[in-house]
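>>> Turn this into a structure:
(chains A, B, C and D)
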4 protein chains.
Amino acid sequence: MVGELRFGVIGAGYMGKAYAIALSEVATVYELGIRIGREMIATSSEAGAADHARRFGFARSTGDWRALVADPGVDVVAIATPTPLHKDMALAALAAGKPVICEKPLAATAPEAAMMARAAARSGLRTMVGFNYIQTPATQLAREMIAGGELGEVIRFSGTHNEDFLMDPEAPHSWRLEAAQAGRAGAMGDVASHLVNLAQFLCGPIAEVVADTQIIHPTRPGPGGPRQVENDDQGNMLCRFASGVMGNLHGSRVQAGRKMGLTYELTGTKGSVFFDQERLGELHYYDARDRAGRRGFRRLLTQPGHGDYGRFCVGAGHGYGYNDMIVSEMAALIRAIETGAPLWPDFAAGYEAACVIDAMLKSVEERRWVAVDEIREELT
Amino acid sequence: MVGELRFGVIGAGYMGKAYAIALSEVATVYELGIRIGREMIATSSEAGAADHARRFGFARSTGDWRALVADPGVDVVAIATPTPLHKDMALAALAAGKPVICEKPLAATAPEAAMMARAAARSGLRTMVGFNYIQTPATQLAREMIAGGELGEVIRFSGTHNEDFLMDPEAPHSWRLEAAQAGRAGAMGDVASHLVNLAQFLCGPIAEVVADTQIIHPTRPGPGGPRQVENDDQGNMLCRFASGVMGNLHGSRVQAGRKMGLTYELTGTKGSVFFDQERLGELHYYDARDRAGRRGFRRLLTQPGHGDYGRFCVGAGHGYGYNDMIVSEMAALIRAIETGAPLWPDFAAGYEAACVIDAMLKSVEERRWVAVDEIREELT
Amino acid sequence: MVGELRFGVIGAGYMGKAYAIALSEVATVYELGIRIGREMIATSSEAGAADHARRFGFARSTGDWRALVADPGVDVVAIATPTPLHKDMALAALAAGKPVICEKPLAATAPEAAMMARAAARSGLRTMVGFNYIQTPATQLAREMIAGGELGEVIRFSGTHNEDFLMDPEAPHSWRLEAAQAGRAGAMGDVASHLVNLAQFLCGPIAEVVADTQIIHPTRPGPGGPRQVENDDQGNMLCRFASGVMGNLHGSRVQAGRKMGLTYELTGTKGSVFFDQERLGELHYYDARDRAGRRGFRRLLTQPGHGDYGRFCVGAGHGYGYNDMIVSEMAALIRAIETGAPLWPDFAAGYEAACVIDAMLKSVEERRWVAVDEIREELT
Amino acid sequence: MVGELRFGVIGAGYMGKAYAIALSEVATVYELGIRIGREMIATSSEAGAADHARRFGFARSTGDWRALVADPGVDVVAIATPTPLHKDMALAALAAGKPVICEKPLAATAPEAAMMARAAARSGLRTMVGFNYIQTPATQLAREMIAGGELGEVIRFSGTHNEDFLMDPEAPHSWRLEAAQAGRAGAMGDVASHLVNLAQFLCGPIAEVVADTQIIHPTRPGPGGPRQVENDDQGNMLCRFASGVMGNLHGSRVQAGRKMGLTYELTGTKGSVFFDQERLGELHYYDARDRAGRRGFRRLLTQPGHGDYGRFCVGAGHGYGYNDMIVSEMAALIRAIETGAPLWPDFAAGYEAACVIDAMLKSVEERRWVAVDEIREELT
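Got it, this is the predicted structure:
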């Protein structure tokens, strides 16, 4: 790999396109000094793949993802397919000795995710899970503030990941609603896995959970009439982090009015922050050490010095966007591949999130607090 | 009672003052056509009471609350004292045949509250608990929108009542932190009882809860050195309403930056609303029936036609304030006394809130879901 | 006047009611130690006055405002009538040796206002103009911050007073739209006189203006068909304060969506504040001395210590409302009457605002910058 | 030009980098079906250019911009240099028969801009001025709403472009502060030219202006001691559009707390919108036709269907960012070059903005309203 890192992307849906965009610009934004190749794209048909190669700027295409994984011209594999396909693709890529970035959630169940994390650990290769929201400069700043003690001791994490893309009961059935495909966790697995990862990013491992979930629209229109929905439309979870911090995490895909309702409030003994992904350029910060009568949440507009913001814009408040998160993600992956340095969230982190989701499911079924350790297996 | 309703107020702290303010203006604001007398005020000393009578405009004063309750010139008793004193005062007032308004929470425990609610039921007198926040025009509007089906079927209630008045570990110890005085529920009993009442106002009875609480600062400075804190600084609760609606309720007295952080988001199948008491003049409303591409949360500024707002201001967005809530509360009480009509939240509602708090405590102790029915006794 | 100050109120519209509410509670809120009497109310008919006396709690009533002014039982006169009636009433009250509070704007023209201000100056009596918005704790705080140098040197004032109560072209014609009644300034005289007063409160005298105004709906429905609108629906003004500070002030009564759109941003060399009356409990404060990377507008929730907020509420963010502003205004008037201390905004200040409005009108007519000195006469 | 359009970029500062980023991704984002080449970059030195070519992904580099303009491998010229250099570069590019995109403002004075616009008109080539802010989906939506009559008849434009990058009096002197280099308009020329262009985009030509400007910090540190600041730090402007619409436009580079304070409120007879670039993903929309009691500003999160948002993100509220605006700009330019279709804002539009700025300067000097026609020359 002299001077170029060549990516193969599997999938050409919106995440496939997002990867293509990120790969096209990452070297320029980060001034990497290495060329990033869009070498090959795979979709389920040769023709479709060829068309997407043309539209997304890939040199080659294939209708067979196994060909992409095996291709000697592909250095890194990026998996942007529906969840049930992740495992086989990732295992094949690792077996071929190639670093992998895989969309979230890593797998539909913790055991599957364990298998992938174990393979990653054995391979020694860099892996990454596409939990892109932790890349926002605001959230990178939040983490830095925690680490620097600006909030004092953290005592509470309150988060939501609420969207409403399925609030219409006439929205059609899809693989996302089938337990065998997407897992038994719906909003709490698909959508809220971002929130779980984010909570772990900011507060460390989650130790115990108790949860409640609900299906609001039990059937949805399918090709041959109404079909059963098999996983939750909304869910609530309380947790304790290993640190003792209390948490509450709430997810939904039927929350009227919320479009990208990934929010958190992080409370410490000396200050706090809150964040809303719908206003991703802002972190609201309360500093209890401000002088009396002049205390209040400050709207910090992200700016150079906050995460990688300065790579994208020179002035505060100019606007870091969705695709920029993917670029930051790719840059982190590329640097880790180049240097061999550790990377987070890797497959082990994807597995950690999956364990929390499975603990949540168990809690719902058994109506009790469940320790994540009841789910967690040794990876090695 | 011809042409005048004479109030006796017990307590002259900030709620005593708030009652005095409300009594001074309620007849004018609501154009009641009846005089409202500030007849007598009682505090723990004759001299203090006399001073407060002068400052708050009461005709007479006493250092003995029992004298106030018994006084034939007092038609209605208003109790604005610390929680542990509520029960004896309210029972005496009811025994004397007088309607009562009592500050929240009604009592420190459900059994005590039951005793009070039972006495109220037997007396046939009007009673009220000072859960004033349900009086805001925005929240009255929210309830009306639910009743009118504007949100479709309600599917979720998410609420907080977070404040930070005890975030400083050097804040002195007080009766509020003693289980024997204030109850075993701290933030979740004192502060968040408002939230429980509000949830019940909007979504009906709560059937089951699971909760987690925490003391952040285990001791606080007392006169003779550090003293133990005996109830929670923060707590999280999940619930199911009797209707099946999912809920999450979170309370704190150490939530850095939150001053009057009573908020809720109420999600329905066709729309939703959210509210923040720190911006009490606004209700944010999402209507999923708005045309495509033009959907978003509307900031409704409260205006005439929303609750009793029009009694206070003629124009939208002019500003209904804290004391106005108490005026609305008093107006509701006075009308109910005049007409004999039912009133909410009465002592039975105060007991309902107490049962939820006790169920929450049991859930924390036993680490499980607890049905509120396990706590609830028959009141009759 | 031993122990009681007895008010006579002229007018029973919404401002008459607001005065009645304020008079009912001011002694309690401010713990004045003096009784405030609602002695007499005057409207245009005996019967109407008697009815309003009953509803608003006045002891007596009259259909003749001159009787009220002359009545020996009335110590202070409060004028809550349409603008064209202010002058005669105020002059009569001053001639009778009684302090006066008069609704804004003081008069429809600067010469009329000058006559009133001159009479006030000669009388030595306390006078006040009902520019109530300067009473909000947030705005009182802003002024204190300027005085304390917290913003550095002030360099710019940007303000609006936009409402939309006349945006509907079918809204009926009224005296407010007639030059002979309400003055030749419409939105810029009626609505934006608040803004002018506020600008003067915060930045001192205005020296020069240039302006532009517009009538959007030239006729409106009257009893006998469409009638001409004779004053502006919206206007823009640039100004220089005597201090050299640059200003821009904008007003409207047809600004779709703005209900109480009185806003300002005050920029200094070391910080700034902005305010919106629709969220009157907040002042947003930027302190350029905050450490790098942590600078942003702070949302200060008003609290005890900010203006007279503590008289009304004990906790931050609890909610000071519209009627509270009138109470604060009355308290200021009462204290000034009791002590003889100066009071602002008095009739001289009302005249100052009127001069700015007239300078603005002249600027519009002559399409040029106009010095306020071209309008201003000597008051003595 | 078969299948590839090759760009030469002059300048490697932050706008040069922004252009490089945009060029790297535009074909993928817009699925153009044509390759976009980063052919050559020019800076003031060979070495610097070579380094930037490597960092920004250009094939070739030069220390001589004239070589770039003349190079047969360069199809389109992008000028990202300080304002005083624009004219010669643009004229040379047009003379070489190449389409040009040039940073804003087009030139430091209207006569210079006229020369460029005239050359563009004569050439028949596509030109563009980098007024990128009109590309935000929110602003594209605003324009569409006006065109579709959703706001009724537009009656007012209120806008600001306030930043604070020069609020520190110790910020060093630079070419931007010299009249001979950057023009006699400072904040009102450099910063607020965006606002002028935006106003023209939404409301059409500006007919008349009256303005006031101020230098707050008259000198700034230079290499050899304090140097004079020769253009305004802040300015206010009133205007009338040719349509009769009233406008107010305010700009600053010393507005404490404002980082990207490009805002506007556009009022119509049936509704209104407001926008703040610091929250570029939102357009706030008031529809007066909403039912009574349910009217309020809606926070519309931009989404597919609003401008080109759908090219970048599939879901509402995901986050369009600063660099995305540049991509949209490049896409517009490329499409216009491919099809020969008209393009806006072209050099003629850049000249229109320059005329307004010059009219503003004249208004300040002569203290009067100035018609833009007094400045405007015939371009042909």
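>>> hmm, who's touching stretch A:366-380?
The contact list for stretch A:366-380, computed with CB atoms under 8 Å, 6 or more residues apart in numbering or on different chains, reads A:110-111, A:114, A:117-118, A:121, A:205-210, A:348, A:351, A:355-356, A:358-360, A:362-363, B:367-369. Placement of C-beta: from N, CA and C, glycine included.
>>> Please identify the buried residues of it?
Neighbour-count burial for stretch A:366-380 flags A:369-370, A:372, A:375-376, A:379 (criterion: 16 or more other CB atoms under 10 Å in any protein chain shown).
>>> so which of these comes closest to residue B:82?
Ranked by distance to residue B:82 (CB to CB), the buried residues of stretch A:366-380 are led by residue A:369 at 34.4 Å.
>>> residue ranges of the strands in the stretch 151-300 of chain A, please?
A:154-162, A:206-214, A:219-222, A:225-228, A:234-241, A:246-252, A:261-268, A:271-276, A:282-287, A:297-301 (DSSP state E, counting those that start in this stretch).
>>> The fourth one pairs with which strands?
Partners of strand A:225-228 in the sheet, by DSSP bridges, are strand A:219-222 (antiparallel).
>>> C-alpha coordinates for the strand it pairs with, CSV please?
Extracted as CSV, the C-alpha positions of strand A:219-222 are listed here (Å, rounded to 0.1, in the frame of the first residue of the first chain):
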residue,chain,number,x,y,z
THR,A,219,-49.3,-5.0,11.2
ARG,A,220,-48.2,-3.0,8.2
PRO,A,221,-49.1,-3.4,4.6
GLY,A,222,-47.1,-6.0,2.7
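>>> Show me what the mean pLDDT comes to for that strand.
For strand A:219-222, mean pLDDT rounds to 97.
>>> Likewise for stretch A:103-122?
Averaged across stretch A:103-122, pLDDT comes to 96.
>>> repeat for stretch A:320-328
pLDDT averaged over stretch A:320-328 gives 98.
>>> For chain A, give me the ranges with low pLDDT.
Counting by pLDDT under 70, chain A contains low-confidence residues at A:1-2, A:380.
>>> Spatially central residue in it, please.
Nearest to the geometric centre of chain A sits residue A:131, at 1.6 Å (CA atoms, centre = their mean).
>>> That residue reaches residue A:345, doesn't it?
Yes. Using CB atoms under 8 Å as the test, residue A:131 is close enough to residue A:345 to be in contact (5.0 Å).
>>> so what sits against both of these two?
Counting by CB under 8 Å, 6+ apart, the shared contacts of residue A:131 and residue A:345 are A:197, A:201, A:353.
>>> now, which of those sits nearest residue D:174?
Distances from residue D:174 to those, taken by CB to CB, are shortest for residue A:201, at 40.1 Å.
>>> Could you double-check that that closest one sits in contact with residue A:143?
Yes. With contact defined as CB under 8 Å, residue A:201 counts as touching residue A:143 (6.5 Å).
>>> Neighbour count: those two, which is higher?
The residue with more neighbours, out of residue A:201 and residue A:143, is residue A:201; 19 against 16, by other CB atoms under 10 Å in any protein chain shown.
>>> For the stretch 101-250 of chain A, which residues are neighbours of chain C?
Proximity of the stretch 101-250 of chain A to chain C, by CB under 8 Å from any CB of the partner chain, involves residues residue A:141.
>>> Show me what from the stretch 101-250 of chain A comes close to chain D.
Taking CB under 8 Å from any CB as the contact definition, the stretch 101-250 of chain A meets chain D at A:163, A:165.
>>> Right, I'll leave it there.
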